[in-house]
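Q: test case, fold it:
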Amino acid sequence: MPKSNQGLVTRRMFIQSTVAAGGALAAAAALPPSQAAAAEKTTQNTQLPPGSVVLFQGDSITDASRDRKSSGPNDPSGLGRGYPCLLAGALLADHPKDQLKVYNRGISGNKVPDLAKRWQEDAVALKPDLLSILIGVNDIWHKLSGGYNGTVEDYQQGYRALLERTLKELPGVRIVVCEPFVLRCGAVNDRWFPEFDQRRAAARRVADELGLPLVPFQPMFDEATKDVPPQYWAGDGVHPTLAGHSLMAKTWRKVVGI
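A: Coordinates of the predicted model:
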């Protein structure tokens with residue numbers, strides 16, 4: 001195991017553990033078949049000790065119209081209207097005595113290079129015990145609109161460098177990589193493919209190489225759109241509706257195991 005992974009529980013170690021593994025794998029079994037295998041492979045023991053800091057990072061999907069003037073933890077206005085707020089509420093309700101601190105530092109329009117520029121202040125300085133990152137849709141969307149020229153390789157290398165830096169500067173931090181996703185409606189058309197799928201695969205490779213759990217949001221939405229139109233989950237194909245954010249929060253908890 002590379003030095004950057006010291007202090008983390010590997011997937012194999014977690015699956016071989018007893019009580020924690022049983023609970024997490026039971027949760028993974030509740031996922032649709034297309035997600036269950038991925039969840040079993042990527043879940044690690046992320047039980048939160050009292051006083052833990054949980055940080056959500058990413059772009060507009062994570063930002064979800066949060067009030068950036070509200071910088072303190074556990075403030076609904078500062079957590080936005082999306083999955084981070086839903087998860088914060090659930091975690092705080094389930095662990096009322098643990099004094100958890102939950103932050104949202106997602107910023108609309110961000111790409112991997114944008115995260116890197118603000119990482120010290122908006123991530124490292126907060127000293128999270130659990131860090132969840134969803135990034136990638138703008139890395140291709142802005143390219144399609146002519147405002148960015150980053151390649152799939154740039155995305156993968158930049159993402160890996162960001163995570164390696166985090167593991168080095170925050171020994172023991174538990175990182176959750178959220179798979180970027182799109183739904184085929186609204187702004188999403190054939191121009192997005194196959195490059196978007198290549199970028200999803202890059203995020204998965206980074207998570208796998210560093211031994212980090214990955215939340216399989218794309219298979220989750222692919223499964224969900226078998227029953228109802230994609231617009232129900234994300235009107236423009238990128239930004240989730242309330243139902244979409246709720247589904248993300250539900251799946252995130254099942255995979256992460258808290």
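
Q: so what's the residue positioned nearest the centre of the chain up against?
A: The centre of the chain sits closest to Cys178, judged by C-alpha atoms, centre = their mean, with a distance of 2.9 Å. Counting by C-beta atoms under 8 Å, 6 or more residues apart in numbering, Cys178 makes contact with 58, 132-134, 214-215, 217, 252. C-beta: built from backbone N, CA, C; applies to glycine.

Q: same check, this time on Asn104
A: Applying C-beta under 8 Å, 6+ apart, the residues near Asn104 are 55-56, 62-64, 66, 78-80, 84-85, 88.

Q: what's the pLDDT at Gly22?
A: If you check Gly22, the pLDDT there is 33.

Q: which one of the contacts of Cys178 is nearest Gly172?
A: Ser132 (15.9 Å; C-beta to C-beta).

Q: out of the contacts of Cys178, which two are the most distant from each other?
A: Gly58 and Leu214 (14.1 Å).

Q: these two: which has the busier surroundings?
A: Of the pair Gly58 and Leu214, Gly58 is the one with more neighbours under other C-beta atoms under 10 Å, namely 27 against 20.

Q: restricted to strands, list the contacts of Asn104.
A: 55-56 (DSSP state E).

Q: need the contacts of Asn104 in a markdown table with pLDDT and neighbour count, can you?
A: A markdown table is the format used below for these (pLDDT from 0 to 100; neighbours: other C-beta atoms under 10 Å):
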| residue | pLDDT | neighbour count |
| --- | --- | --- |
| Leu55 | 98 | 24 |
| Phe56 | 98 | 30 |
| Thr62 | 98 | 25 |
| Asp63 | 97 | 23 |
| Ala64 | 97 | 22 |
| Arg66 | 97 | 25 |
| Gly78 | 97 | 21 |
| Leu79 | 98 | 25 |
| Gly80 | 97 | 25 |
| Pro84 | 98 | 32 |
| Cys85 | 98 | 22 |
| Ala88 | 98 | 25 |
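
Q: nearest to Gln157, of the contacts of Asn104?
A: Nearest to Gln157 among the contacts of Asn104, counting by C-beta to C-beta, is Thr62 at 22.0 Å.

Q: contact partners for the closest one?
A: 56, 80, 82-84, 104, 106, 134.

Q: which of those sit farthest apart?
A: Across the contacts of Thr62, no pair lies farther apart than Gly80 and Leu134, at 12.5 Å, counting by C-beta to C-beta.

Q: intersection of neighbour lists for these two?
A: What both Gly80 and Leu134 touch, as defined by C-beta under 8 Å, 6+ apart, is the set 62, 106.

Q: can you give me the helices in the stretch 101-250 of the chain?
A: 112-122, 137-144, 152-169, 195-210, 217-224, 242-256 (DSSP state H, counting those that start in this stretch).

Q: for the ones you listed, which one sits closest to Leu92?
A: Taking C-beta to C-beta, helix 242-256 is the member of these nearest to Leu92, at 13.1 Å.

Q: how about the contacts made by Arg200?
A: Residues in contact with Arg200 (C-beta under 8 Å, 6+ apart) are 136, 179-181, 218.

Q: having no further points to raise, I will conclude here.
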